[in-house]
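# How does the following fold in three dimensions:
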Amino acid sequence: MAPVSEKSARATKLTFALVILAYFVYFNWEGLWAHFTADDMMNMDQYWRMGPARLLLEQFMPWRGSYRPMAGLFYMPLLQVFGLNPLPYHAALLAVLLVNLYLMYRFARLAGADELQAAIATLITAYHAGLSMLYYSTAFLYDVLCFAFYMAALICYARVRSQGRALRGREIALVIGLYLCALNSKEMALTLPLVLLAYEYFCAPRKGLRIAALQLPILLAALLSAVYFFGKIFGPDPLLGAQGYRPVFTWHQFFAAHKIYFGELFLSGGRFTWHGVVAVWLLLLYLAWRRDRPVLRFCFVFLMLTPLPIVFLEGRSGACLYIPLAGWAVFAAVVLTDLADAAANFLSSEPGFRRIGRTGLLAALLVSALFLWAKENDYRRRAYGRASMADVGRLTWQTIEQLRALNPHLPPHSEAAFLHDPFEGWDMAFIADLWFRDHTLHFYLQRLAPVSEPDLRKMHLFDFQDGKLVQLR
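Predicted coordinates:
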């Protein structure tokens with residue numbers, strides 16, 4: 001019977017994978033036709049100005065505090081090949097999200113979830129309406145890449161530790177290298193050393209191993225975190241000095257952030273109070289410690305730790321909760337299967353349900369719960385997600401289309417000025433840089449940095465007249 005059982009297990013896994021893939025495609029395929037955002041133009045222009053050599057070097061110099069250089073390795077090859085056509089960027093984003101689903105499944109299994117629970121957790125992360133911009137806005141590429149490298153580092157560590165042995169030199173180097181890539185993607189990765197400690201305490205076997213051997217990779221990860229954090233405070237362009245990145249260390253901010261987080265994670269429309277936040281924490285604490293369930297205890301600590309890099313920053317929510325979502329998804333999947341199993345056991349002995357049997361009842365309960373979850377996500381996607389996706393980057397895309405229609409050409413080492421433009425900030429300069437992709441050109445915005453009349457006579461001039469881009473000279 002062993003070969004038959006193994007074949008059946010493979011068939012079950014394949015079925016789960018196809019269902020999750022179909023679910024992912026159904027909810028996310030429209031994101032291929034989303035536009036760029038204004039943040040995309042600003043960020044891509046920053047990486048383009050760096051040049052390839054400096055961009056590569058910044059990956060290995062965390063003490064400099066460079067702004068999320070890993071995203072540059074995503075943007076720049078696509079810019080070089082496809083220019084300002086957003087479709088390939090969104091296709092690449094969805095490809096990374098698909099890879100993340102596999103990482104999510106491996107994370108759930110190594111945390112202690114069984115096959116069914118891991119599949120349900122993966123389904124939850126395949127599309128979550130509370131994080132909807134994650135799936136169609138490349139401005140949240142940082143969160144997608146950070147999740148990928150964060151989970152890869154955690155999985156590499158947990159895979160070895162689940163075998164009951166300490167990591168070898170090469171394995172430590174791999175974990176630290178992946179962690180560096182996660183930090184270079186976004187600051188959300190800073191919690192990994194604490195999460196590794198939590199995994200070590202709740203999930204990993206420790207018998208017969210020296211403590212020093214277990215601590216080395218975690219200590220190296222903590223040291224890397226310290227170097228990275230130093231760069232964010234004291235580097236040439238410190239992130240913590242920028243507006244919007246200054247933390248507010250107050251209890252009010254702590255609970256205000258979690259009220260927003262819980263509203264989005266539970267799709268409750270922002271109806272959480274601080275009393276509700278505390279009640280949810282107490283319920284999770286009870287469920288995690290009611291029985292000896294390492295998977296629930298680890299996930300409880302995981303979902304409490306992972307929001308810490310953003311919880312004291314104002315205005316962070318939605319797609320920023322991608323990594324915490326992993327802990328919530330596994331916790332929810334385990335509790336859901338426990339409840340469905342208990343209900344199936346009870347109903348299978350009741351008249352009217354005996355013929356269905358315990359297995360049939362369990363399947364019916366789980367399918368019903370997941371159908372209701374998918375239906376709620378689909379409703380929110382149709383009601384809010386599509387409108388939001390259509391509005392994102394509309395003006396940016398219209399400007400790119402006008403540049404494509406005008407198809408202007410400028411000789412090297414020349415200067416150009418935009419007398420008027422439809423943006424509030426420096427977006428027009430970013431778009432012009434990325435359209436022409438010539439480091440010898442210089443663009444000026446007359447609206448923000450006026451150029452004198454004699455200097456203007458020497459420049460190529462552009463203007464927006466009645467909303468249309470024209471080249472004056």
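# Can you list the neighbours in contact with the worst-scoring helix or strand of the chain on mean pLDDT?
The helix or strand of the chain with the poorest confidence is helix 386-391; it has a mean of 80 (mean pLDDT, DSSP states H and E). Around helix 386-391, the neighbours that count as contacts under CB atoms under 8 Å, 6 or more residues apart in numbering are Glu30, Gly31, Ala34, Ser132, Met133, Tyr136, Ser137. In short, each C-beta sits where N, CA and C put it, glycine included.
# show me what contacts Val334?
With CB under 8 Å, 6+ apart, Val334 has these contacts: Ala113, Gln117, Arg293, Val295, Leu296, Cys299.
# Try it again at 6 Å.
For Val334, the contacting residues are Ala113, Gln117, Val295, Leu296, by CB atoms under 6 Å, 6 or more residues apart in numbering.
# helix or strand right after the helix or strand hosting it?
Element membership for Val334, per DSSP states H and E: helix 322-347. Scanning forward in sequence from helix 322-347 by DSSP H and E, the next helix or strand is helix 357-380.
# which ones are touching Tyr47?
Contacts of Tyr47 were listed using CB under 6 Å, 6+ apart, and they are Leu55, Gly72, Tyr75, Met76.
# try Gly263
The contact partners of Gly263, taken as CB under 6 Å, 6+ apart, are Gly270, Phe272.
# For it, what are phi and psi?
Here is the backbone geometry of Gly263 (degrees, to the nearest 10): phi -60, psi -40.
# Sort out for me which of the contacts of Val334 are in strands.
Secondary structure defined by DSSP state E assigns none of those to strands.
# Can you report how many residues neighbour Ala118?
When neighbours are defined as other CB atoms under 10 Å, Ala118 has 25 of them.
# again with the one 4 residues further on
Counted with other CB under 10 Å, the neighbours of Thr122 add up to 30.
# And it, which helix or strand is it part of?
Using DSSP H and E, Thr122 falls in helix 115-126.
# Report the inter-axis angle for the next helix or strand after that helix versus helix 322-347.
Next helix or strand after helix 115-126 toward the C-terminus (DSSP H and E): helix 141-161. Angle of helix 141-161 versus helix 322-347, following axes from the mean of the first three to the mean of the last three CA atoms, to 10 degrees, is 60 degrees.
# between helix 141-161 and helix 115-126, how big is the angle?
160 degrees.
# Mind giving me the packing neighbours of helix 141-161?
helix 70-82, helix 86-111, helix 169-185, helix 322-347 (3 or more CB pairs under 6 Å, 6 or more residues apart in numbering; DSSP states H and E).
# what is the rounded mean pLDDT of it?
Mean per-residue pLDDT for helix 141-161: 97.
# Likewise for stretch 392-408?
Per-residue pLDDT over stretch 392-408 has a mean of 93.
# for stretch 360-374, same thing?
Stretch 360-374 shows a mean pLDDT of 95.
# Can you give the contact residues for the lengthiest strand in the chain?
Identified as the longest strand of the chain according to DSSP E is strand 460-465. Under the contact criterion CB under 6 Å, 6+ apart, strand 460-465 has outside partners Leu410, Ala416, Ala417, Phe418, Leu419, His420, Asp421, Pro422, Val470, Gln471, Leu472, Arg473.
# CA atoms of it as PDB?
Taking C-alpha atoms only, strand 460-465 is exported to PDB below (Å, rounded to 0.1, in the frame of the first residue of the first chain):
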ATOM      1  CA  HIS A 460      14.900  72.900 -25.200                       C
ATOM      2  CA  LEU A 461      11.500  73.900 -23.900                       C
ATOM      3  CA  PHE A 462       8.400  71.800 -23.200                       C
ATOM      4  CA  ASP A 463       5.000  72.800 -22.000                       C
ATOM      5  CA  PHE A 464       1.600  71.500 -21.200                       C
ATOM      6  CA  GLN A 465      -1.000  73.500 -23.200                       C
END
